[in-house]
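# dropping the sequence and predicted coords here.
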Amino acid sequence: MYDLKKHYLADEKIILNKISSVLKKGVLEMGEEVEKFEDNFKKYCNAKYCITVSSGSMALLLSLKSLGLKKNDEVITVANSDIPTSHAISLVGAKIKWVDVNEDTLNIDEEKIEQSINRKTKAILPVHLFGNPCNMSKILSIARKYKLKIIEDACLATGAEYKNKKIGSFGDLTVFSTNPGKILDGIGPGGIITTNKKNLYDKLKQLRDYGRKKRPGKWPVKSYLVGYNSKLSTINAAILNIRLKHLDDYVIRRNYNAGLYKHLLNSEKIKIQKILPNAKSAWRNFPIRVKNRNIIYNKIYSKNSNVKLNYLPPNHKDNCYINLRSVNNLKITEKTSSEIINLPCHPYMDESEITKLSKDLLKIIN
Ligand SMILES: Cc1ncc(COP(=O)(O)O)c(C=O)c1O
């Protein structure tokens, strides 16, 4: 999905110099680079607070923890996300309420959210799938009506926009992944949470660091709640500081590639993900939907191994959830999951690669 080698080589010198300077400084946990990144990223998203953590999965888990979710509380989300979205809800002991998706956007169908809300519902966890922003206005108004919290899974949507604002300050909490290959990525696992709420920020800082309020300067240091060790590595933060400066360019380039695919794959046999008119996707990849997907996938994979099938099976059909009895009707989730092929859309692709892949696909499909 990404050319990590080209990505590294684009900034090789500056990355190597930075790694060397961090190592020479001898601060490899938290420190200036982490603080700088958190400050830079909150400004980028126009959010009041930013906390880095060890992965997008941990960002989801800690976010749910920070809201104080308990056993029997229910969280609404989608089943066509990567499995960690659902796992995070299970890991806090809450119950997952999967809602079906919209066939065109592949995001949560806002029209079906209200029918899944009951007394136990505490939060909505929309996923900006493949970088495509959800209809946040509708989701926010439902959350307001029923007094629910919103945690946005923006693990694939760093740099995406909704109503001319960066994703990162719509819900109570927004979660990003900086795992290698994501829109903004480091050289190992990493995650980010943004929020405008000081109480959530304070709690998250403790949750990621053994329940401590402060990094130990002078021992002893107290732990105020039962927490985790879930910190972003300092070297990773340093690299993210370098790459954050290019994030808008990455997203522009991805949008250019998506535009090219749309133009080249103009066929009634191919369905393209719809982006809301007031949104800008980060295009983590370019999902197309086709009939006879598995046959087409096998053929195109033999020509280009960067095409992928994410995320299969949908979460409710995965082995770990096999014993769940009551699952909503997820007809569109199941239908679209059986049709999607994800094409690479990263900034280091050149036009000839996109043209060849598109031509190969059309030959196979027609
Ligand atoms: C939608 C979504 N949510 C959460 C995650 C988890 O992020 P991480 O791999 O950083 O733990 C991913 C990872 O790809 C993802 O795609």
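Now that the structure is in, tell me what you want to look at. Numbering: from 1, shown residues only.

# what comes into contact with the lengthiest helix in the chain?
Among the elements of type helix in the chain, defined by DSSP state H, the one spanning the most residues is helix 247-264. Residues from elsewhere that reach helix 247-264, judged by C-beta atoms under 8 Å, 6 or more residues apart in numbering: 44, 131, 158-160, 183-184, 272, 280-284, 286, 288, 343, 345-347, 349, 351, 354-355, 358-359, 362. Heads up, the C-betas are built off the backbone N, CA and C, glycines and all.

# mind listing what's buried in that helix?
Under the neighbour-count criterion of 16 or more other C-beta atoms under 10 Å, helix 247-264 has 247, 250, 251, 253, 254, 255, 257, 258, 260, 261, 264 buried.

# cool, and stretch 72-82?
Using 16+ other C-beta under 10 Å as the burial criterion, the residues of stretch 72-82 that qualify are 73, 74, 75, 76, 77, 78, 79, 80, 81, 82.

# report the contact partners of residue 225.
Neighbouring residues of residue 225 by C-beta under 8 Å, 6+ apart: 203, 206, 207, 211.

# circling back to that earlier point, extract the C-alpha trace of the longest helix of the chain and format it as PDB.
As requested, C-alpha coordinates have been extracted for helix 247-264 and formatted as PDB (Å, rounded to 0.1, in the frame of the first residue of the first chain):
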ATOM      1  CA  LEU A 247       1.500  16.100   5.500                       C
ATOM      2  CA  ASP A 248      -0.600  18.500   3.400                       C
ATOM      3  CA  ASP A 249       1.600  17.700   0.400                       C
ATOM      4  CA  TYR A 250       1.000  13.900   1.000                       C
ATOM      5  CA  VAL A 251      -2.700  14.500   1.000                       C
ATOM      6  CA  ILE A 252      -2.600  16.700  -2.100                       C
ATOM      7  CA  ARG A 253      -0.700  14.000  -3.900                       C
ATOM      8  CA  ARG A 254      -3.100  11.300  -2.800                       C
ATOM      9  CA  ASN A 255      -6.000  13.400  -4.000                       C
ATOM     10  CA  TYR A 256      -4.300  13.900  -7.300                       C
ATOM     11  CA  ASN A 257      -3.800  10.100  -7.600                       C
ATOM     12  CA  ALA A 258      -7.400   9.400  -6.700                       C
ATOM     13  CA  GLY A 259      -8.600  11.900  -9.400                       C
ATOM     14  CA  LEU A 260      -6.500  10.100 -11.900                       C
ATOM     15  CA  TYR A 261      -8.000   6.700 -10.900                       C
ATOM     16  CA  LYS A 262     -11.500   8.200 -11.100                       C
ATOM     17  CA  HIS A 263     -10.800   9.400 -14.600                       C
ATOM     18  CA  LEU A 264      -9.100   6.200 -15.900                       C
END
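
# for the residue of the chain found nearest the ligand, grab phi and psi.
For the chain, the nearest residue to the ligand under the criterion C-beta to the nearest ligand atom is residue 56, separated by 2.5 Å. With angles defined as degrees, to the nearest 10, residue 56 shows backbone torsions of phi -70, psi -40.
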